[in-house]
Structure formats: structure tokens, C-alpha cells
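Asker: coordinates only, sequence not included:
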């Protein structure tokens, strides 16, 4: 009788949770494509600017306490003229566009040559069985350097490895998915997401300070230490929560023939040699780069102060990403015969650019929205009034970041693109939090936590369908609710653990989130 009641209760809870997930999915599906969303936002900003200007919406500039900042209408002859004459330059001058494309030129060479895939396979498949879980999560975190490679290569590979070890394959999938997606912003290296987000942050910061710059390395220190936190938490959650809940795997649940799951062979002798020589090229590049900044006469130090702070070295991070992927990628390709000459390198770069079509279209509309929003003075007015409200209710301390991270995580449930979400929210939150004393670098670091931790539980994430398809190979009746329920512990514990690390790092120890990155503004 007791067993029956427990079964009924469990079924009821599962039914309620599945209905809730179905509701979330339905609401999310009501949202248009992010590109369409930006186009709609552009039109709404234009119309709203006309209404706000008509009613005299304004704010007092806190810097002098006298200047009145008025809402500017774009819904008149002058506004339309400004839109028409600046449409192209809005796009070409949008900071994240060039930085991301340049970085991906180098990453494309390393990816196309097979270097990144081989390094990932070598890392995971050579790990001792006791360390396989933490290695899988760790590999997932660092795989975001190469964009979608973690989703496409590591997640299926981890499921295969766990199955081969006699463990539940969905536990391996969950561990890899948690590292790749819930730990998306963490990394030991500066990846393509860093210049993308820093460019948007810089544009938003200029609403308050026209001369403020945010480099791609702005969150490097914090994201490096976050990599180890996510790897450890992910391994603990997998071993203590997810795997025990999944239980012993029955291969009859699979929708495919699992007899060929051992086909993923270890690295060949040629691949190992390629990795060694690629690693040697990285050391040579590192030595050459060190010569430009370590000695006092280093040519990449600040030309006036001689310091590293504000130097060309820090401003050229995107260039380093390009060379540190392109050259080792070509070296590896030459050894394993995936690249033979300059034409192969060019083809790899062209292929990389070919995958960026959607991003370029997105940037066009995002750039218009960001600039329209800035021209109307909405960002400044919202920031001043919002900062004043927070000051009046006494919420200006570090605790504000808990609510900020929660808001970012909630928005991410409905708008899965990191760049799209930040392009919409940064013009509001960055100036607002700057005006109550926090630097754009710290604000961006907090945003990255919220943006990452809910990736694994939202069907709006672009690779969620792919993960669902891979999971269905091992459990034929698996649905969205099952996958989200499996990933929910990662999302919740990552949120708590990562937020605590943020507070300890930034406000407890007073450490910078990146090179020359201040904690407070002004």
C-alpha cells in the first residue's frame, strides 16, 4: 500500500513538473526569432522615443545635479534623417563584430585541422576512470573556446565513454552538457565569447562614460578560477545526485544498436605527434609574446607610462587569440595531413566565416537597437532613475548582484543567445549599476553567471534539440521534461556555488575579475 502511494505521489509530481515545462516551452515558442525580436525592438524604441519626448520624460544628470537629460525623439524628420544616414556605420562600427570575426579566423583553422577535436579526445579518453567525470566537465568548460564543438563532439563522446565504462551513458551526457553549457562563460583561455560580450559592455558603458573601454580580457581571472569550480561541482553533482537517480543502465532502453559504441578509438601515433608539435608552437609563441611585455623595454607596454595597464598588450587580446589558434592549428594539420598549404588555411578560415552568417545578420539589427537606444537617451534616463530608486530603498550594496544574476538567468530561459540577451539588457543594467558605483567589468562577470547556469534547462538554447536527440539514443522514451529534470540540479547548484565564488572573489578578497579591471567605478 505504501509503495502504491509513493508511486502515485511520484507520478503526480512528475505530471505537474512536465506540465510546467510544457508551459515554459510554449511561452518560449511564442517569442519570435532573436533577429526578428531586435527588429521589433528597434521599431518600439522609435515609437516610444516620440511618446517620451512628447511627454517630456527626463532625468537630472547626477554629475552636476543641474543638467536635465531629455528623451530625444526619433519619430520626427531629424530622427529619421539620423537613422537613414547612420544605418551602415551603426553596423560596421559595432565593436563585437570585428573582434569576434577576427578571433574566429584563427579558431577556424584549429577546428578544421582537427586540433581541437583531438585535444579534447585525448584529454577525456586518457583520464583515469576515477577522474573521468571531473575531466569530462572540465573538457566541456574549456571546449567553449571553439564555439559549438563541445556540443557536437564532447557530449556524444562522453555518453559513449560512460557506456563503455559500464556507467549510465546519460550521466556522461549530463556531465558534458553541464560543462559545455552551464559553464559556458568559464574558461582557462580567452575565447570568442569574451570579445563579443566586452564589446557590448563597452557600448553600454559609454552611455555614462564616453571614453570607457572594456577589453576582451576583462573577466579572465575570474573565469579561470570559475573553470575549476564548475569542474568540481559538476563532478560532485553527477556522482552524488544525477547518476544515483538514473540508476543502473539497461541497454534495452536504447533506440539504437549500442554494439558499435566502442568505435571511438584513442588518438593515433600521428595525432599524438601533431599535438606535441602544436603544443611546442604554443610555447614558442608564448615566449615571443613574453618578450614584448615582460622586459621594461617591451614594445607592447604602454608607450608613455611603461606599464602593462592600458598597454597595447591588453588591447590586442583578439590578435593573440587569432595567432594562438591559427599557427598551432596549421602545425597540427601539417603533421596529420589535414592541411598541406596556404589554400587549406584559407579554406578553413572561409568555412569559419561561412558559419557566421546568422551572427552577422543578428549583429546588424542588434547594432541598430543599441544605437537607437543610445540616441534617445533612454539608457541614461533609465539608469539615473533606476540608480536613484535603488539608492532610495538602500539597495546599493553587493547584494544587488544576487538579484541581477537571478534576473539574467530568468531572461536566459526565454532568450538563449548570450549576445542577443546582453545586447538588450546591457544598455539598461550596465549604466544603472555604474551609477551606484560598480565597474562594467564586474557587472559583466555577474551577467555571465546568470547567462550560463540556466542554459541547460531552457529549450530556447540553440543546441537543446541536439542534446535531446543524442539523449534519445540511449533512452527511447526520453522527453524534454526528463532532460530538464536531469539537468536542473546542475543549474541550481551552479547558481549558488558560482554566486558565492563571485562574492568571495570580488567583495571578500577584493580581487580583480580581470587584468587591470577595477571593482568600483568612479
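Answerer: Nice, thanks for sending it over. This is a predicted model, so every value here is computed, not measured.

Asker: Quick one: residues contacting the nearest residue to residue 82 once chain neighbours are set aside.
Answerer: In this structure, residue 82 finds its nearest non-sequential neighbour in residue 375, 6.6 Å apart by CB to CB, 6 or more residues apart in numbering. C-betas here are computed from N, CA, C, even on glycine. For residue 375, the contacting residues are 49, 72, 74, 79, 82, by CB atoms under 8 Å, 6 or more residues apart in numbering.

Asker: do that again at 7 Å, thanks
Answerer: By CB atoms under 7 Å, 6 or more residues apart in numbering, the contact set of residue 375 is 72, 74, 82.

Asker: Most neighbours among these, which one?
Answerer: Highest neighbour count within those, by other CB atoms under 10 Å: residue 74, with 21 neighbours.

Asker: just checking, it is part of a helix?
Answerer: No - secondary structure of residue 74 (DSSP: H, G, I helix; E, B strand; the rest coil): coil, not part of a helix.

Asker: Isn't it up against residue 48?
Answerer: No - using CB atoms under 7 Å, residue 74 is not in contact with residue 48, being 9.2 Å away.

Asker: And for residue 480, the neighbour number?
Answerer: 16.

Asker: Report pLDDT for it.
Answerer: For residue 480, the pLDDT comes out at 72.

Asker: Against residue 444, how distant is it?
Answerer: 31 Å (CB to CB, to the nearest Å).

Asker: How about residue 49?
Answerer: 27 Å.

Asker: what ranges do the strands span in the chain?
Answerer: 58-60, 68-70 (DSSP state E).

Asker: Lowest mean pLDDT across those strands, which one is that?
Answerer: Among the strands of the chain, strand 58-60 carries the lowest mean pLDDT, a mean of 84.

Asker: Check which helices and strands that strand sits against.
Answerer: strand 68-70, helix 378-392 (3 or more CB pairs under 7 Å, 6 or more residues apart in numbering; DSSP states H and E).

Asker: quick revisit: residue 49 and residue 444: which is more packed in?
Answerer: Neighbours per residue (other CB under 10 Å) separate residue 49 from residue 444, with residue 444 holding more: 30 against 24.

Asker: Setting the sequence-adjacent residues aside, check what's closest to the more buried one.
Answerer: Leaving aside its sequence neighbours, residue 444 sits nearest to residue 201 (CB to CB, 6+ apart; 4.6 Å).

Asker: do the same with residue 126
Answerer: Using CB to CB, 6+ apart, the nearest residue to residue 126 is residue 266, at 7.5 Å.

Asker: pLDDT score for the nearest residue in space to residue 426 that is not next to it in sequence?
Answerer: Spatially, and ignoring its direct neighbours in sequence, residue 426 is nearest to residue 204 (3.9 Å; CB to CB, 6+ apart). Note for residue 204: predicted pLDDT of 88.

Asker: So residue 204 is in contact with residue 431, correct?
Answerer: Yes - in this structure, residue 204 is within contact of residue 431 by CB under 7 Å, at 6.4 Å.

Asker: For those two, indicate the residue with more neighbours.
Answerer: Neighbour count, other CB under 10 Å: between residue 204 and residue 431, residue 204 has more, with 30 against 25.

Asker: Stretch 287-300: which residues count as buried?
Answerer: The neighbour-count check on stretch 287-300 (16 or more other CB atoms under 10 Å) flags 289, 292, 298, 300 as buried.

Asker: can you check stretch 485-500 too?
Answerer: 485-491, 493-495, 497-499.

Asker: from the middle of its chain, how far away would that stretch be?
Answerer: Centroid separation between stretch 485-500 and its chain, computed with CA atoms, centre = their mean, to the nearest Å, is 16 Å.

Asker: Touching it from outside, list them.
Answerer: Under CB under 7 Å, 6+ apart, the answer for stretch 485-500 is 17, 170, 174, 177-178, 182, 226, 229-230, 233-234, 237, 241-242, 402, 405, 409, 449, 453-454, 456-457.

Asker: Just give me the residue right at the centre of the chain.
Answerer: residue 185 (4.2 Å; CA atoms, centre = their mean).

Asker: That residue touches residue 452, doesn't it?
Answerer: Yes - counting by CB under 7 Å, residue 185 does reach residue 452; the two are 4.8 Å apart.

Asker: Identify the contacts common to the two.
Answerer: The contact sets of residue 185 and residue 452 do not overlap (CB under 7 Å, 6+ apart).

Asker: Quick one: closest of the strands of the chain to residue 503.
Answerer: Closest to residue 503 of the strands of the chain is strand 58-60 (CB to CB; 30.5 Å).

Asker: Pull out the buried residues from that closest one.
Answerer: 58-59.

Asker: Partner strands of it and their direction?
Answerer: strand 68-70 (antiparallel) (DSSP bridges).

Asker: roughly how far is the strand it pairs with from the heart of the chain?
Answerer: Using CA atoms, centre = their mean, the offset of strand 68-70 from its chain centre is 35 Å.

Asker: With stretch 325-335 instead?
Answerer: 26 Å.

Asker: where does the stretch 51-200 of the chain have low pLDDT?
Answerer: 62-65, 96, 146-149 (pLDDT under 70).

Asker: Can you show me the helices along it?
Answerer: Secondary structure of the stretch 51-200 of the chain (DSSP state H, counting those that start in this stretch): helices at 77-92, 95-113, 115-125, 132-143, 149, 155-164, 169-177, 193-205.

Asker: Repeat that for the stretch 401-522 of the chain.
Answerer: Under DSSP H, counting those that start in this stretch, the stretch 401-522 of the chain gives helices at 418-435, 440-453, 464-474, 480-503.

Asker: Which pair of the buried residues of stretch 287-300 spans the longest distance?
Answerer: Farthest apart among the buried residues of stretch 287-300 - using CB to CB - are 289 and 298, which lie 9.7 Å from each other.

Asker: Adding distance to residue 467, write the helices of the stretch 51-200 of the chain out as JSON lines.
Answerer: Listed next are those as JSON lines, based on distance: least, CB to CB, whole Å:
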{"stretch": "helix 77-92", "distance to residue 467": "33"}
{"stretch": "helix 95-113", "distance to residue 467": "20"}
{"stretch": "helix 115-125", "distance to residue 467": "17"}
{"stretch": "helix 132-143", "distance to residue 467": "12"}
{"stretch": "helix 149", "distance to residue 467": "14"}
{"stretch": "helix 155-164", "distance to residue 467": "6"}
{"stretch": "helix 169-177", "distance to residue 467": "6"}
{"stretch": "helix 193-205", "distance to residue 467": "19"}
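
Asker: Quick one: closest of these to residue 341.
Answerer: Of all these, it is helix 95-113 that lies closest to residue 341, at 12.6 Å by CB to CB.

Asker: Name the residues of that closest one that come out as buried.
Answerer: For helix 95-113, burial by neighbour count (16+ other CB under 10 Å) applies to 95-97, 99-101, 103-113.

Asker: on that earlier part again, could you identify which of the helices of the stretch 51-200 of the chain is most buried?
Answerer: helix 169-177 (a mean of 30; mean count of other CB atoms under 10 Å).

Asker: Does anything pack onto that one? Which helices or strands?
Answerer: Judged by 3+ CB pairs under 7 Å, 6+ apart, the packing partners of helix 169-177 are helix 132-143, helix 155-164, helix 243-246, helix 464-474, helix 480-503.

Asker: if you set the cut-off to 10 Å instead, what comes out?
Answerer: Helix 169-177 sits against helix 132-143, helix 155-164, helix 220-237, helix 243-246, helix 464-474, helix 480-503, with contacts defined as 3 or more CB pairs under 10 Å, 6 or more residues apart in numbering; DSSP states H and E.

Asker: And these: which comes nearest residue 516?
Answerer: Of all these, helix 220-237 sits nearest to residue 516, with 10.4 Å by CB to CB.

Asker: Correct me if wrong: the residue nearest to residue 126 contacts residue 157.
Answerer: No - Residue 266 is not in contact with residue 157 according to CB atoms under 10 Å; the separation is 11.8 Å.

Asker: Please enumerate the shared neighbours of these two.
Answerer: Taking CB atoms under 10 Å, 6 or more residues apart in numbering as the criterion, residue 266 and residue 157 both touch 121, 125.

Asker: show me where the stretch 251-400 of the chain has helices.
Answerer: Remark: helices assigned in the stretch 251-400 of the chain by DSSP H, counting those that start in this stretch are 269-291, 312-315, 317-336, 342-354, 357-375, 378-392, 400-414.
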